[in-house]
Structure formats: C-alpha cells, structure tokens
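> Test case, fold it:
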Amino acid sequence: MSGRKQHFIPQSLLRGFGLSKGKNTCVVAYTHDRGIFTPGTDGIGAEREFYSELDVEGTGETLDDKITHYEQNFPTILAQLRALDDGAPADTKAAAEFVTHLVVRNDHFRKTVTTGTEHLVEGMTEAFTDENQAKALLGLNRERPSDTFTVEFAKLWAQLGPELAKRGLSEEQFHALAFGAVKSEFPAFFAETVGPLKEMFGKMVEQVPEVAANAQRSSLADGLSPPKRVEALSQFEWKVVHPATSVVLPDCVAVAVDVDGEVYPLMLAETEKVHTIYMPLSADRLLVGTQGERIEPSAGINEAFAACSWDFFIARDRTPELEHCQTLLRKRASQFLVGTIEEVIEEAKAEHEGK
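Below you'll find the model as predicted:
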C-alpha cells in the first residue's frame, strides 16, 4: 500500500551516493533553496503524495503502488550494472528502459514543465496586456490592414457590398474605412478587456503546477516507460564506466550531451541531436550511452550534472569543488527553458505581425 511520502528517485539509486550510518545511508544534499545538509535517503528525493493520494483500503491500486511493483527488480538491476567492469557493455534494451523510466517519473521533469509553462503564460500576458504589443500582434500599428483583417473585411463586403456599391463606395474604400474604425475603437476595447485578460492569465499561472502534476500522473498511468522513448534510447550503445573521480547524482537523473559538448537534462533534449547520455549509478559508476565516440561535457562531469539539476544534486562527500557546483544549479535547465519560450513567443509575434 502507498505511503504518504513517495520517492520520485528510488532509494536503491540514492544509496549509491551515500555512506552507511548504522541502519541508514546518509548523503550530502546540495540544494538550490535549502543550502547544504546531510539527510538519510528517506529524506531526499521524495514528496508527500507526489504520485497519488494515500490508498483507501478496497479502492484499488494507486499509481505509486504500480511504480513500486514495476521497480521490484530495480535493486537487482542496479547491483548488476554496478558490478560490471570498467567499459563493460550493458544490455541495450534493459539500459534504455531503465534510464527512460527514471527520467520520466521524477520531479525535475514536473518542475521544468511547470516553470516553462509559467514563463509562456507570463510572456502571453505581457504581449496581450500591453496596448502597443497587442496592436502589433493584431497588425493595428500598420497603415494597411493585415491579411487576417483583409479576409474578415472581404467577408463583410460580400454581405454589404452590393448595397454600399450603390452609394459609390468601392471595396478598397470599405476596407480602409473599416480598418480605420477598428484602429480608432481599439483603445476603448483594450481598456475594457485588459482587466479580464490579466485575471484570466493570472488564474492560468495559478493552475499550472497542478495541471503539470496531473499531466505527468496521467502519462505515467498510461505507461511507466514510454515505448517510443525506449526505442530511441535503444539505438545507443550502453556501457558502464568507472570515473576517475567521485560523481554526483543530479535530480534529473541523466544528462544528454550534443555534438558540441553542450549538456541538457535528458528529458529536455531533442533525442535526434543527442550523442552521449550519462546516468550516474553510484558515486563511482556511470552508465553511458553513445552513438559513436563518447563526447565529454564541455565543462566537467559534475559541473554538467549540477547545471542540469533543478532543486538539488546529491553526493557522497562535502567538498569545496562541489560547493562551487552548487552555484550552477538550474543554469542549463533555465537557459534552455528561457531560450525555448522566448523563441516560441517571438515566432508567434512574427506570425501574427506578418498576417
């Protein structure tokens, strides 16, 4: 039966980055908002009812129950992977499914989707509640009507034209008069609608976290390892690598590297552009997927893991080097999200302004 505290990163994975203290395994958590502290693995990578509410007896299997059952063999799979020699190949299909499941089920994915959507709504709010930007989007800052207005005015002319033509008005003159009327009435219309628009966008932002959470839950309920993503990752050659220095576990679980050495959280990367995938199995083991020669991140591996993390990364030790890495939290994910959202908004503006 599900408990209230539900791990979005399995404890079997977390334990590989800690030190045993009695019956517990403790890790060093480097966080974005809570500083650096040393929790047990039961106190990190978890959230109250992250997947599902506490089961009521007789109501059936919850999503958290399904994940628990699905992962029954994960400790064994992890142990087998960790036991492989340096450079030894891993089973391609098993590795692809293993990595896919862990990246789609975690909180990093939910948080980045939430943040990205919030940025998009905020951009829309700015565009549609600023009078000058709204005019530009609608093409009202021009001398002649845009394609969109031309089409609508043509529809009106089809209805009114015969009568207006009798009075000596041409279709071109009608378009000019109609466009002038729209432009002159727009300030009053905008003043009436800007308040409700801001309220609507504000409510949308408030609802984003719950919408994102439910979307992830729904997706996981349909499949805990999406087949298309598993198939894509099955095209990589997987092996276990013993790194020269201790590595950390990012909260995104795995990162992708493109041909230029740029890194991304795996769930945010375009699969066709990914060349190398790194997933830490423990402080001294990496699962690496490649298409051709392995490409190292342009920065160090731990710097890459930290920059791709959102809320935290965990490590076995506390060191000055990792304290520096803490300052990189959210760097790559934020750059990716901001760049993507700005591109979407600019494309939308260009499309509307061009019509």
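
> Only C-alpha atoms from now on, for both contacts and neighbour counts.
Noted.

> can you give me the strands for this structure?
Assigned by DSSP state E, the strands in the chain fall at 5-7, 19-21, 24-26, 28-31, 36-37, 46-48, 237-241, 249-250, 255-257, 263-265, 276-282, 285-290, 312-315.

> Out of those strands, the one nearest Phe74 is which?
strand 276-282 (11.6 Å; CA to CA).

> average pLDDT across that closest one?
Averaging pLDDT along strand 276-282 gives 97.

> Repeat that for stretch 51-60.
66.

> Same question for stretch 212-230.
Computed over stretch 212-230, the average pLDDT equals 92.

> Dump the strands of the chain to CSV, plus distance to Gly139.
Shown next, in CSV, are the strands of the chain (distance: least, CA to CA, whole Å):
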stretch, distance to Gly139
strand 5-7, 50
strand 19-21, 63
strand 24-26, 60
strand 28-31, 46
strand 36-37, 52
strand 46-48, 47
strand 237-241, 51
strand 249-250, 46
strand 255-257, 41
strand 263-265, 37
strand 276-282, 45
strand 285-290, 48
strand 312-315, 45
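
> who wins for proximity to Leu160 among these?
strand 263-265 (56.9 Å).

> Go ahead and confirm Tyr278 touches Leu286.
Yes. Counting by CA atoms under 8 Å, Leu286 is a contact partner of Tyr278 at 6.6 Å.

> With neighbour numbers in mind, choose between those two.
Set Tyr278 next to Leu286 and count neighbours by other CA atoms under 10 Å: Tyr278 wins out with 27 against 23.

> got a list of what the more buried one touches?
Residues in contact with Tyr278 (CA atoms under 8 Å, 6 or more residues apart in numbering) are 254-256, 286-289.

> Spatially, which residue comes closest to it, not counting chain neighbours?
Val288 (4.8 Å; CA to CA, 6 or more residues apart in numbering).

> Distance check, the one you found against Ala256.
The gap separating Val288 from Ala256 is 10 Å, by CA to CA, to the nearest Å.

> shared neighbours of the two, anything?
With CA under 8 Å, 6+ apart as the test, Val288 and Ala256 both reach 276-278.

> from these, which is closest to Asn73?
For the shared contacts of Val288 and Ala256, the nearest to Asn73 is Tyr278 (21.6 Å; CA to CA).
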